[in-house]
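A.B. asks: just need the structure, nothing else, for what follows:
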Amino acid sequence: MTTDSGVEPGGSGSGGDVADAEGLPAGWVRVTIGELCDVNPRGFDEEPGDDELISQVPMASVEAETGRIDASTQVRYGDFKKKSLTSFQEDDVLFAKITPCMENGKIAKARGLAGGRALGSTEFHVLRSRGAVLPEYLMHFLLQRHVRRAAEHHMTGAVGQRRVPRPYLAELEIPVPPLAEQHRIIAKLDEQLANIETGEVSLADASSRVVDFVTSLLAKATDSSAEASNWETKTIAEMATVSSGATPLKGRSDYYDGGTVPWITSSLLNAPFVDRAEKFITDRAVAETAVKEYPPGTLLLAMYGEGRTRGKCSELRIRATTNQACAGIQLAADYQCRKDWVKLVLESRYEENRALASGGVQPNLSLGLIKNIQIPLPPLTRQKEILEQVAQRRTDAGKMSDVIESVKIQATELRNALLHAAFTGALISQDPVDEPASVLLDRIRAEQTAAVKQTKRKRVSRTTSPAAPQTSGRPVPSGSQEALPL
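C.D. replies: From the prediction side, this is the model:
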């Protein structure tokens, strides 16, 4: 009945379909989400009992860009129904309205909910289809990169708390094919996206293997047990001077305003080399505070910091000062050891060094701990050989990583092209026997209008007196001022 067509952005189906005046394939119609869905409907279609278990879905339970949702957490409805949470039910579409969740693509179809219902983050918009659009179709439309970018430009609110307003989402237009065609589009999308995701999983695995390879390479390169017994072991304190920086008093504008002296914080030590600064202080701050200035070639070790910064080692390539989260390691000029060898060892011992940290809320590597770190020391000629071998293999690993990243980009572009094809009618060909989307929409609108009228009639019948009072044998007209008998 239908045949597959090429996935080319802006293309058309292979069945000789005729586009309408808006450029849509035959049978399609462009309507707003507000016409297709109840936007942020009030509550559930059927209220659960207090003892019933429902799903709890915080923002973290919606994956970015995949449309997947984790609804495994269950709670007793009575314990949560009065909390400020968003209620939704099976097949509703969730749209994260707040930054950066919206930009990251936290959009999903609710599925696998306990009892078919859930309570979730107040930062979700909820879209409940009235029947003319499949939830999966709507979800994939909203997941498109260009749709999210457009929504970003319409966000309102303060920085860090910007949100997509409900009216924008309700008025957003979407191309809607016949319902039967939507089913075929979703089937093809599921098939093709599954292939892309399989490839992405393989790419992630390959990327992880490259990281493991480099980690193993460093560990083996600096393992003295694998070499002859002519390797020595020295502490950093025996080989170098170790000191830390400081932070000039924040209230002193003369320590910061117009400053030209680079001031390095631990966040920059995630890179192998530091050749730039993001912050600067004045010469006066250097002269009057405990800030220490280091020359190029100094090794910097992160004593503490956010994420996995603690324990990272970097080489300073500019003259700069540091804050107290950075330890400066300066090898003695006459010591028989290559600086890049010490850096290699510190890189290879990254996890071990992190584990040495002590303290409560923010564990740190004190200067004392850093000074006692053991450095294996092969002869200088062997240091040079190992460093050259490691550099070559790192180059090879880097090339491999570049290839992987390039393929990842291609996978993302393929996903975008696939979605574009789906919503322009190019993914599959149209079938002329399908009921046009406009016909289904008209029928749904008529049914809703009839339901509203029926509801109004019921309300009127409940509020009308069963026996209207009579005067002089005549019914009293509405609004009449004629006095009624007492």
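
A.B. asks: below-threshold pLDDT in the chain: ranges please.
C.D. replies: 1-22, 226-229, 306, 360, 459-486 (pLDDT under 70).

A.B. asks: centre-most residue in it?
C.D. replies: With distances taken as CA atoms, centre = their mean, Asn104 lies nearest the centre of the chain, 4.0 Å away.

A.B. asks: now do the residue nearest to it when sequence neighbours are not counted against Val242, distance only.
C.D. replies: In space, and not counting its chain neighbours, Asn104 is closest to Ala64: 4.3 Å by CB to CB, 6 or more residues apart in numbering. (Glycine included, C-beta is placed from N, CA and C.) Distance of Ala64 to Val242, computed by CB to CB, to the nearest Å: 42 Å.

A.B. asks: same question for Trp341.
C.D. replies: Applying CB to CB to Trp341 and Val242 gives a distance of 17 Å.

A.B. asks: same question for Pro167.
C.D. replies: 60 Å.

A.B. asks: neighbour count: these two, which is higher?
C.D. replies: Val242 (18 against 11; other CB atoms under 10 Å).

A.B. asks: the more buried one: what secondary structure?
C.D. replies: strand (DSSP: H, G, I helix; E, B strand; the rest coil).

A.B. asks: now do the contacts for it.
C.D. replies: Residues near Val242 by CB atoms under 8 Å, 6 or more residues apart in numbering: Ile236, Ala327, Gly328, Ile329, Gln330, Leu367, Ile370, Lys371.

A.B. asks: so who does the residue nearest to the centre of the chain touch?
C.D. replies: Ala64, Glu65, Ala96.

A.B. asks: pretty sure the first one is touching Lys106, no?
C.D. replies: Which is Ala64. Yes. Ala64 is in contact with Lys106 according to CB atoms under 8 Å; the separation is 5.6 Å.

A.B. asks: helices of the stretch 301-450 of the chain, start to end?
C.D. replies: Remark: helices assigned in the stretch 301-450 of the chain by DSSP state H, counting those that start in this stretch are 339-348, 350-356, 367-371, 380-422, 437-463.

A.B. asks: tell me the secondary structure at the residue nearest to the centre of the chain.
C.D. replies: Going by three-state DSSP: Asn104 is coil.

A.B. asks: I'd like to know how far it sits from Val62.
C.D. replies: 10 Å.

A.B. asks: quick check: neighbours shared by the two?
C.D. replies: Contact criterion CB under 8 Å, 6+ apart; residues shared by Asn104 and Val62: Ala96.

A.B. asks: what's the closest of the contacts of Val242 to Ile185?
C.D. replies: Ala327 (58.0 Å; CB to CB).

A.B. asks: quick check: phi and psi at the residue nearest to the centre of the chain.
C.D. replies: phi -80, psi -10 (degrees, to the nearest 10).

A.B. asks: list the contacts of Ser207.
C.D. replies: Counting by CB under 8 Å, 6+ apart, the residues that Ser207 touches are Ser401, Ile404.

A.B. asks: wait, is it part of a helix?
C.D. replies: Yes. According to three-state DSSP, Ser207 belongs to a helix.

A.B. asks: measure it to Glu293 for me?
C.D. replies: Counting by CB to CB, the gap from Ser207 to Glu293 is 39 Å.

A.B. asks: quick check on the residue nearest to Asn104: phi, psi?
C.D. replies: phi -80, psi 130.

A.B. asks: and it, how many residues sit next to it?
C.D. replies: Count around Ala64 with other CB under 10 Å applied: 16.

A.B. asks: check Ala187 too.
C.D. replies: As a burial measure, Ala187 scores 12 neighbours (other CB under 10 Å).

A.B. asks: just the angle between the host helix or strand of it and helix 339-348, please?
C.D. replies: Per DSSP states H and E, Ala187 falls inside helix 179-221. Calculated by axes from the mean of the first three to the mean of the last three CA atoms, to 10 degrees, helix 179-221 forms an angle of 130 degrees with helix 339-348.

A.B. asks: against Ser348, how distant is Gln336?
C.D. replies: Applying CB to CB to Gln336 and Ser348 gives a distance of 20 Å.

A.B. asks: just Pro135 next, same as before
C.D. replies: For Pro135 relative to Ser348 (CB to CB), the value is 50 Å.

A.B. asks: more crowded one of these two?
C.D. replies: Using other CB under 10 Å, the more surrounded residue of Pro135 and Ser348 is Ser348, with 23 against 20.

A.B. asks: got the contact list for the more buried one?
C.D. replies: Taking CB under 8 Å, 6+ apart as the definition, contacts of Ser348 comprise Thr215, Leu218, Ala219, Ala221, Thr222.

A.B. asks: count of neighbours near Gly425?
C.D. replies: Gly425 has 26 neighbours, counted by other CB under 10 Å.

A.B. asks: with Gly398 instead?
C.D. replies: 12.

A.B. asks: same check, this time on the one 3 residues further on
C.D. replies: Number of residues near Ser401 (other CB under 10 Å) recorded here: 15.

A.B. asks: now do the contacts for the closest residue to it other than its chain neighbours.
C.D. replies: Sequence neighbours aside, Val210 is the residue nearest to Ser401 in space, at 5.3 Å (criterion: CB to CB, 6+ apart). If you count contacts by CB under 8 Å, 6+ apart, Val210 has them with Ala397, Met400, Ser401, Ile404.

A.B. asks: gap between Val210 and Ile264?
C.D. replies: Taken as CB to CB, the span from Val210 to Ile264 is 28 Å.

A.B. asks: next one: Ile196
C.D. replies: For Ile196, the distance to Ile264 - CB to CB - is 41 Å.

A.B. asks: so which of the two has more stuff around it?
C.D. replies: Regarding Ile196 and Ile264, a neighbour count based on other CB under 10 Å identifies Ile264 as having more, with 25 against 15.
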